[in-house]
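Next one to model:
(one chain, ligands or ions: 2)
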Amino acid sequence: MLKHNLGFPRIGKKREFKRACEDYWSNKIDLSTLFQVGKEIKRENWILQDIAGIDLIPCNDFSFYDHVLDMSLLLGVIPKSYSSISVIKNHIDLYFSMARGFQKNGWDIKAMEMTKWFNTNYHYIVPEFEKNQKFLIFSNKIFEEIEELKILLKSTKKIKPVLIGPMSYLFLGKEKDKTFNRMDLLNQLIPVYIKIINKIKNQGVNWIQLDEPILSLDLSKEYKDFFLHSYEMLSQCFSNINVLLATYFDGISENYSIVKNLNIKALHIDLASDINQLENILTNIKNSNMSLSLGLINGRNIWKNDYKKSKHLIEETIQCIGKNRVMIAPSCSLLHVPIDIGYEKSIPKHLKMRMSFAKQKIHELVDLENIINGDKDLLDKNINIFNTSQFFYDKKVHKKFFIKNEDLKRNSQFKFRKEKQRKKFRFPLFPTTTIGSFPQTKQIRIIRSKFRNNNLSRQDYEKKIKFFIKDVIKKQEEIDLDVFVHGEFERTDMVEYFAEKLNGIISTENGWVQSYGSRCVKPPIICGDVSRNKNMTTHWINFAQSQTKKPVKGMLTGPVTILQWSFVRDDQPVYKTAYQIAWAIREEVKSLEDAGIQIIQIDEPALREGFPLKRKNWKFYFDWSIKSFLIASSVVKDETQIHTHMCYSEFNDILNYITELDADVITLETSRSKMELLKAFSKFSYPNEIGPGVYDIHSPRIPTVNEILDLIKKASELLPIENIWINPDCGLKTRTWEEVMKSLKNMTKAAKIARKNYRIKQIK
Ligand code: GLN
Ligand code: ZN
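Numbering: from 1, shown residues only. Ligands and ions are numbered 1, 2, ... in the order given. Presented below is the predicted three-dimensional model:
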């Protein structure tokens, strides 16, 4: 029974990687220092896994930015705009220019597109293919890493290089233009994969891991055929090397027919995300020679493995296919969890013993092997942990679990609420607002961090934040917006802010996880029943409202987003946890309303990324996520206006769900898709009010009045004009004040011109 790992975090124990990359980008260190830091991280990771006793240690799982971009470099998939930057002299600078863009020496090349890696919070650089894309072995990174590990281990026996398989690699990319289908490139791509694998074989390596996570998606018949075809071609190099095909993030039962016929040594399945697939796969795999790698240890969450459960699964598998054909592993790469629980000093002991970060997960594999070999002590200890380490329990919270129908409904339907709200607010046609945050200047960051580290008294902190709020209100008067915000200066992060204030959620000191490139996030941990014991936002919102006659929006993060961007407790179904957060947010909504706040925005930017990978699971997800939003939002009077914000631009297939959220106003990201997405809203006759973003906040460019007017015109052709709001497409916290003032002034100017043009009298 082999114990192996699919990938280890590459950010270093204390984010050494982040610092080194950023120092290199700003010319503070040279290339050899950067490589030295990389080497050190790899070495530490490998030694840790080797000492623990792992049988197959991954290599090429390290990356200086992103493993998909590594793959593009390996295969020579480099768009011309980057390969033609003549001042770039080496691979790594070329690589960084693709990841981050290149603005130097008169060059101004944008970064390549980045998008979310399946349903995780990791982002990859989208490969871009040309019509007659040539593939070749361009980078030597993988071969060099194999040599490094060889020297360290003094043998090749345990080395298992990781590659993204050809099908997932093509699938995750995009065509430069629409004149061809990227699957047409398979016949050119496969021969290069064969060359790579042959070269790896020549290095004396016995194992290779091909990641094909797209097997966890719904694949069309066409894709299934492509898959079989490409692996048929590829398998000519599978002799004298053990190929492990790795799938993860969901079950593969639907696509098992593809895998069944592949000429591979072993198949890895993710049992943390789909335990039910095991039975089906065992029945099918039984009469073949294929080994089965059980992804038992959850690579997406931070809780200890339940050894009793795993033991049972391993034994069932051994019984079916024999011990020799069984492998055990984490469910997916450990990239998605922090490195070492050992650095956490403030997590209460009874919780900490229930937790397991990457390093601990590696040791869990070894424990499981020992348990299978009869170590009863280890098993008992683990059972004992599960029996004694209760998550924080709160009787009051459980009482609320009974959701009544009226908890999910506003008092009246939107058409009646709309009338009441219009009478009350008397907004002009095309009312203007922003999404919430205003520029987070260095000064603000310093003040927050001083306060956090007890270097600034609460009184002084309050004074300073209030100063910024006063200032942002004055600026919004000057811009002449219709609905104001308080600016979110007290928040470092929209989830962390609420996580710190709610019961049942804790933060870590060093629990960093890579999000993209050098950027890491520190997800909070939901470790008990969630509740709110005091107001979280009213203090700041009330102050902001006291400074102006214009309505100030109360600004909250929605329950689904808080859940999605945290590590979630594993002892109850996620929907229960979502409902608990929703009740807490509902109380805050009520407090805001009671305090006289008339408009409340509940942001749900993560609703979309929470979608299950398979369509068959959508209904269930929507059921609880919509209910969560409704619990949080429907407590208010008809006259109180509920806004929500979502920042992505694919709604076509989910409009009926979005409608069920029944927010009075939804603001969206549409400026980059030039209102294309509104066609869907229009066709669907979306009933409520809607603020399509009229400019892209992700770019420093100032939109012109005419450009914005154009978009307003387009929107007006597609939607009832009295339903249209005018706003930027996301929060402004990453922009400078100069950009924001100019852009927003152009925006309000455009709205005013549009009002005149449409000559529709304000509803009186
Ligand atoms: N209110 C938040 C802000 O403006 C929304 C952020 C988001 O959509 N991710 O920053
Ligand atoms: Zn947004």
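
C-alpha from now on. contacts and neighbour counts both.
Fine.

List the buried residues for stretch 498-507?
Buried positions in stretch 498-507, judged by neighbour count with 16 or more other CA atoms under 10 Å: Phe498, Ala499, Lys501, Leu502, Asn503, Gly504, Ile505, Ile506, Ser507.

quick one: contacts of it?
Residues outside stretch 498-507 that contact it (CA atoms under 8 Å, 6 or more residues apart in numbering) are 347, 392, 496, 522-533, 536, 557, 562, 584.

Span of that stretch from start to end?
Its start and end residues considered, stretch 498-507 measures 11 Å (CA to CA, to the nearest Å).

Which elements pack onto the helix or strand of the chain with the lowest mean pLDDT?
Sorting the helices and strands of the chain by mean pLDDT, DSSP states H and E puts helix 395-399 at the bottom, at a mean of 81. Under the contact definition 3 or more CA pairs under 8 Å, 6 or more residues apart in numbering; DSSP states H and E, helix 395-399 sits against strand 525-531.

So which elements touch the strand it packs on?
helix 395-399, strand 503-506, helix 574-594.

I'd like these laid out as TSV, including distance to ligand 2.
Converted to TSV, the helices and strands packed on strand 525-531 look like this (distance: least, CA to the ion, whole Å):
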stretch	distance to ligand 2
helix 395-399	30
strand 503-506	24
helix 574-594	19
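
between these, which gets nearest to Ser86?
Of all the helices and strands packed on strand 525-531, strand 503-506 sits nearest to Ser86, with 49.4 Å by CA to CA.

So what's the gap between the closest one and the chain middle?
Centroid displacement of strand 503-506 relative to its chain, using CA atoms, centre = their mean, to the nearest Å, is 21 Å.

quick one: the residue of the stretch 601-750 of the chain found nearest ligand 1 and Gly76, what's the gap?
Per CA to the nearest ligand atom, the residue of the stretch 601-750 of the chain with the smallest distance to ligand 1 is Gly731, at 3.0 Å. As judged by CA to CA, Gly731 and Gly76 stand 37 Å apart.

and the two? which has more neighbours close in?
Just comparing Gly731 and Gly76: by other CA atoms under 10 Å the higher neighbour count belongs to Gly731, 20 against 16.

before we move on, which element is that one in?
Per DSSP states H and E: Gly731 is located in neither a helix nor a strand.

do the same with Glu316
helix 307-321.

which residues of the stretch 151-300 of the chain fall in helices?
Here the stretch 151-300 of the chain has its helices, by DSSP state H, counting those that start in this stretch, at 166-172, 186-202, 221-234, 256-260, 277-285.

Likewise for the stretch 651-764 of the chain?
Using DSSP H, counting those that start in this stretch, helices in the stretch 651-764 of the chain cover 655-661, 676-684, 705-718, 737-758.

between the second one and helix 705-718, how many degrees?
Just to be clear, that refers to helix 676-684. For helix 676-684 against helix 705-718, the angle by axes from the mean of the first three to the mean of the last three CA atoms, to 10 degrees is 20 degrees.

Pull the residues that contact helix 676-684.
Under CA under 8 Å, 6+ apart, the answer for helix 676-684 is Ser649, Glu650, Phe651, Asn652, Leu655, Thr670, Pro692, Ala715, Leu718, Leu719.

Return the residues of this protein in contact with ligand 1.
Ile435, Gly436, Ser437, Asp603, Pro605, Met646, Cys647, Cys730, Gly731 (CA under 6 Å from any ligand atom).

8 Å instead?
Residues of the chain found near ligand 1 (CA under 8 Å from any ligand atom) are 434-438, 487-488, 494, 555-557, 603-606, 645-647, 730-733.

how far away is Asn60 from Leu163?
Shown here: Asn60 relative to Leu163, a distance of 7 Å by CA to CA.

neighbour count winner among those two?
Higher neighbour count among Asn60 and Leu163: Leu163, with 25 against 21, using other CA under 10 Å.

Beta-bridge partners for that one, please?
With DSSP bridges as the criterion, Leu163 is bridged to Leu210.

Pull the contacting residues for it.
Per CA under 8 Å, 6+ apart, neighbours of Leu163: Asn60, Met71, Ile208, Gln209, Leu210, Asp211.

What is the nearest of the residues you listed to Ala754?
Of all these, Met71 has the smallest distance to Ala754: 48.4 Å, by CA to CA.

State the pLDDT value of that closest one.
Listed pLDDT for Met71 reads 98.

how many neighbours does it have?
So Met71, with other CA under 10 Å, has 22 neighbours.

and the helix or strand encompassing it, C-alpha only, in CSV?
In this assignment (DSSP H and E), Met71 forms part of helix 67-74. These are the backbone C-alpha positions of helix 67-74, laid out as CSV (Å, rounded to 0.1, in the frame of the first residue of the first chain):
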residue,chain,number,x,y,z
HIS,A,67,1.4,25.6,-12.2
VAL,A,68,-0.8,26.1,-15.2
LEU,A,69,1.5,28.9,-16.4
ASP,A,70,4.4,26.5,-15.8
MET,A,71,2.7,24.1,-18.1
SER,A,72,2.3,26.7,-20.8
LEU,A,73,6.0,27.5,-20.5
LEU,A,74,7.0,23.8,-20.6
